[in-house]
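K.L.:
sequence and computational prediction follow.
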2 protein chains.
Amino acid sequence: MQNFVFQNATKIIFGKDTESMVGKEVQAFTTKVLLHYGSGSIKKSGLYGRVCASLKEAGVAWIELSGVQPNPRLSLVQKGIELCRKEQIGFILAVGGGSTIDSAKAIAVGVPYQGNVWDFFERKADITQALPLGVVLTIPAAGSESSNSAVVTKEEGWYKKDIGSELIRPKFAIMNPALTLTLSVEQTMIGIADIIAHMTERYFTQVPNVEMTDRLLEANIKTVMHNAYILYADPQNYDARAEIMWAGTLAHNDLLSTGRIGDWASHMIEHELSGIYDVAHGAGLATVIPAWMQYVYKENINKFAQFANRVFDVEPDFDAPHLTALEGIKRFKQFYHSLGLPVSLKELGVPEDRLEEMAAKCTAKGPVGNFKKLSKQDVVNIYKLAR
Amino acid sequence: MQNFVFQNATKIIFGKDTESMVGKEVQAFTTKVLLHYGSGSIKKSGLYGRVCASLKEAGVAWIELSGVQPNPRLSLVQKGIELCRKEQIGFILAVGGGSTIDSAKAIAVGVPYQGNVWDFFERKADITQALPLGVVLTIPAAGSESSNSAVVTKEEGWYKKDIGSELIRPKFAIMNPALTLTLSVEQTMIGIADIIAHMTERYFTQVPNVEMTDRLLEANIKTVMHNAYILYADPQNYDARAEIMWAGTLAHNDLLSTGRIGDWASHMIEHELSGIYDVAHGAGLATVIPAWMQYVYKENINKFAQFANRVFDVEPDFDAPHLTALEGIKRFKQFYHSLGLPVSLKELGVPEDRLEEMAAKCTAKGPVGNFKKLSKQDVVNIYKLAR
């Protein structure tokens, strides 16, 4: 286990009807917020009305900025920054999923910064200040509700890049699983693929002696898989929705990274797909990760055999652990497939003519990943394995 | 799963040599602290010198109060309160194990309170203020380094009682597993029994649909058991020490309580033992919990069968799940026994002449526990099962 520092102060307010508490939570910080959301779905569901009523009751005024799209765009972030400055706003309330929260985080760091907010994404400047933000979560997937990171897409050139800072961890996250009952099965499964990806990225490490976090990751992956099957058959199951929602937060709140070095190559390889083709991030991950696994498992066969045994109940082949490892990868891919997720570029709707270009963009700053350092050619090979 | 609020902002600084960072951490709060510790063992080990050097380097002055005993005493707490007031101290630094941290927490709530600090333990007053505190942990056991609770013993009548408040969660916990290498095997195993007890108290709930936290608890219990065996044979194993130390924090930081109602009867039954006979808390728990399990398992046989199967790999007997449950309880008791822990009052050195008195004190305010509500007679029966 490596030395680490871990702190996650996000206040989780979880369960039925908890959105009615948002006004009181916001009030502890400010009396005027930016209410940030995506399309009109929160109006259709009635959530918008309940959030506004709670803010009003707590004496909190708000300015609205809607229109966040999946793979949130830099142009809207810049609009939000200007709006916050003009209206002298001191807190951002994101109502939505990961895209809305990430957009809010980017606005939060942009407001107090004199330069262009994209500087942070290009590592040209360090984040030293941010407006506080809070979340009412509607889609369990990105884990952004208590994470210290955000991903935004710059339309010019379709670059998808991330920032990370303790300053952008939300102050609170209100999580009512009932709000997720209206998600389609497809949306739900895409979110689940994202949640599981946050855990496989952490799980496959070359750092030895990380037993507790290994076992916690396995426990959480098993929970998500079990409840994915339940929701595939019965999307109205509140209890399964609750398991997925809370597991999604834990998958990405950094507890499960403690003492380890995560890989994260698959995320970078996927970012090129969703950056150019605007595919859903979770669907892209379901396609990339099994291919990544096939390409790298020989770097640590025991780790993959352990994964196969403990997560997929593959009986260990002690004489040929690589067969155990491969069987686990196969079942992992089958798991995604059985939930209707794409497991190939073809199923994802991505053509093969820009693989070299994507691999070049992905590795523009050098090799990616930690489990195995991947060159441009390695990334091309992984895209090809995913065809 | 029940609705819940979860927030744990304790900053964990984990790994080799991390005690050298204590001065910098304290400095963010104050320039004058109460340095609170137990016997002279931190002087013998050299930790005291390193902590003082770090404080000095950061320009932090300190006043010392040593002498904390296992099952920390109210009289020393009161001495600490007076000292903090006299010296106008704004932060308490606990260097030690759970007893020292709990003593520090009691001092922290007592300083700003006009009445007798014992009022909080008797629920005669609510905690509304506390000095901030930080920890350098030397014994993994109590989980107090990031918990919101503390237990203190009042010598007059030997009452052992607890307090709980978000205000007493430590601001930081510095955790260097190397500091625990000097613990004897006996001390280590007693601490491990305490850690596991924090998880069984949470695990055995009647709240349904708590799959993720069930699985996380199982994962963590398995980790602790595996590393307990390693340390029993090889107490100098740093990696196993690290697993136990971090698992001990997670066992009691409230993440694993989310959405559940814990039981806690075993802790209350044990508190009477250590209150009167001054036995080690973990040893008392190793004695009480298997007896509690035998007494209550019929209230939810499936939960005990699940525990037996997932934690102890007991093959499920689908026709007779009570046999699966009982086999799990048997193996749990054997596990403690194989680590040299007492599993009976006799082995613990507790005579049988005051069982009625202890049960009466334990249930003075009504039945205890949630998995099964236990009357005075139930508690007597459990003490008798533990003979």
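P.N.:
Here it is on my side, so go on. Residues are numbered from 1 along each chain as shown, chains lettered A, B, ... in the order given.
K.L.:
just the CA atoms of the host helix or strand of A:Ile12, as PDB, please.
P.N.:
Counting by DSSP states H and E, the element that carries A:Ile12 is strand A:4-14. The C-alpha atoms that make up strand A:4-14 are tabulated as PDB, following Å, rounded to 0.1, in the frame of the first residue of the first chain:
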ATOM      1  CA  PHE A   4      -2.000   8.600   0.800                       C
ATOM      2  CA  VAL A   5      -4.000  11.500   1.900                       C
ATOM      3  CA  PHE A   6      -7.800  11.100   1.700                       C
ATOM      4  CA  GLN A   7     -10.500  13.600   2.600                       C
ATOM      5  CA  ASN A   8     -14.000  13.800   1.100                       C
ATOM      6  CA  ALA A   9     -16.200  16.300   2.900                       C
ATOM      7  CA  THR A  10     -19.200  16.100   0.600                       C
ATOM      8  CA  LYS A  11     -22.400  15.900   2.700                       C
ATOM      9  CA  ILE A  12     -24.600  13.100   1.200                       C
ATOM     10  CA  ILE A  13     -28.300  13.500   1.800                       C
ATOM     11  CA  PHE A  14     -29.800  10.300   0.500                       C
END
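K.L.:
does the very next helix or strand once past that strand reach chain B?
P.N.:
Sequence order places helix A:22-27 as the next helix or strand after strand A:4-14, per DSSP H and E. No. Applying C-beta under 8 Å from any C-beta of the partner chain, one finds helix A:22-27 out of contact with chain B, separated by at least 10.3 Å. Yep, even glycine has a C-beta here, placed from its N, CA and C like the rest.
K.L.:
for helix A:22-27, packing partners?
P.N.:
Using 3 or more C-beta pairs under 8 Å, 6 or more residues apart in numbering or on different chains; DSSP states H and E as the contact definition, the elements that helix A:22-27 packs against are helix A:47-57, strand A:133-137, strand A:172-175.
K.L.:
right, and those - which one's nearest chain B?
P.N.:
Nearest to chain B, of all those, is strand A:172-175, at 8.3 Å by C-beta to the nearest C-beta.
K.L.:
which residues sit against that closest one?
P.N.:
By C-beta atoms under 8 Å, 6 or more residues apart in numbering or on different chains, the list of residues contacting strand A:172-175 from outside reads A:10-15, A:18-19, A:21-22, A:25, A:134-137, A:145-146, A:245-246, A:249.
K.L.:
quick check: can you list the domain ranges of chain A?
P.N.:
Split into domains by automatic domain parsing, chain A comes to A:11-179, A:184-385.
K.L.:
what's the span of the longest one, first residue to last?
P.N.:
Its first and final residues considered, domain A:184-385 spans 29 Å by C-alpha to C-alpha, to the nearest Å.
K.L.:
now do it, average pLDDT.
P.N.:
Mean pLDDT, taken over the full extent of domain A:184-385, equals 97.
K.L.:
so where do the strands sit in chain A?
P.N.:
Assignment of strands within chain A using DSSP state E yields the ranges A:4-14, A:32-37, A:61-65, A:92-96, A:133-137, A:149-154, A:159-164, A:172-175.
K.L.:
which residues does the spatially most central residue of chain A contact?
P.N.:
For chain A, the residue nearest the mean C-alpha position is A:Ala142 (2.4 Å; C-alpha atoms, centre = their mean). Under the criterion of C-beta under 8 Å, 6+ apart, the contact partners of A:Ala142 comprise A:97-99, A:101-102, A:194, A:248, A:252, A:281.
K.L.:
how many neighbouring residues does A:Glu19 have?
P.N.:
As a burial measure, the neighbour count of A:Glu19 was computed by other C-beta atoms under 10 Å in any protein chain shown and equals 23.
K.L.:
from chain B, how far off is the closest residue to A:Gly38 other than its chain neighbours?
P.N.:
Computed as C-beta to C-beta, 6 or more residues apart in numbering or on different chains, the closest residue to A:Gly38 that is not its neighbour in sequence is A:Val68, at 4.3 Å. Counting by C-beta to the nearest C-beta, to the nearest Å, the gap between A:Val68 and chain B amounts to 27 Å.
K.L.:
again, but for A:Asn71
P.N.:
Separation of A:Asn71 from chain B (C-beta to the nearest C-beta): 28 Å.
K.L.:
try A:His281
P.N.:
Counting by C-beta to the nearest C-beta, the separation of A:His281 from chain B is 23 Å.
K.L.:
quick one: contacts for that residue?
P.N.:
Shown here is A:His281, whose contacts under the criterion C-beta under 8 Å, 6+ apart are A:70-71, A:98, A:141-142, A:190, A:194, A:270, A:274.
K.L.:
which of these lies closest to A:Asn302?
P.N.:
For those, the residue nearest A:Asn302 by C-beta to C-beta is A:Glu270; the value is 26.2 Å.
K.L.:
near chain B, which residues of the stretch 251-387 of chain A are found?
P.N.:
Taking C-beta under 8 Å from any C-beta, the part of the stretch 251-387 of chain A that reaches chain B is made up of A:255, A:258-259.
K.L.:
now flag whichever of those is closest to B:Ala130.
P.N.:
Closest approach between these and B:Ala130, by C-beta to C-beta: A:Leu255, at 25.4 Å.
K.L.:
enumerate the positions of stretch A:335-347 that are buried.
P.N.:
Within stretch A:335-347, the residues that qualify as buried are A:335-336, A:339, A:341-345, counting by 16 or more other C-beta atoms under 10 Å in any protein chain shown.
K.L.:
including distance to A:Asp263, could those residues go into TSV?
P.N.:
TSV is the format used below for those (distance: C-beta to C-beta, whole Å):
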residue	distance to A:Asp263
A:Phe335	19
A:Tyr336	18
A:Leu339	23
A:Leu341	20
A:Pro342	21
A:Val343	19
A:Ser344	21
A:Leu345	21
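K.L.:
ok, those vs B:Arg310, which is closest?
P.N.:
A:Phe335 (20.4 Å).
K.L.:
nearest residue to the closest one in space, ignoring adjacent ones along the chain?
P.N.:
Excluding its sequence neighbours, the residue lying closest to A:Phe335 (C-beta to C-beta, 6+ apart) is A:Met225, at 6.3 Å.
K.L.:
neighbours of the one you found, just the number please.
P.N.:
A:Met225 is flanked by 17 other residues according to other C-beta under 10 Å.
K.L.:
in terms of contact, does it touch A:Tyr336 like I think?
P.N.:
No. Between A:Met225 and A:Tyr336 there is no contact, the gap being 10.1 Å when judged by C-beta atoms under 8 Å.
K.L.:
and A:Val210, how far from A:Phe371?
P.N.:
13 Å (C-beta to C-beta, to the nearest Å).
K.L.:
and stretch A:352-364, which residues are buried?
P.N.:
Buried residues in stretch A:352-364, counting neighbours by 16+ other C-beta under 10 Å, are found at A:354-355, A:358-359, A:361-363.
K.L.:
just put the strands of chain A in TSV and tack on mean pLDDT.
P.N.:
TSV is the format used below for these (pLDDT from 0 to 100):
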stretch	mean pLDDT
strand A:4-14	98
strand A:32-37	98
strand A:61-65	98
strand A:92-96	98
strand A:133-137	98
strand A:149-154	95
strand A:159-164	92
strand A:172-175	98
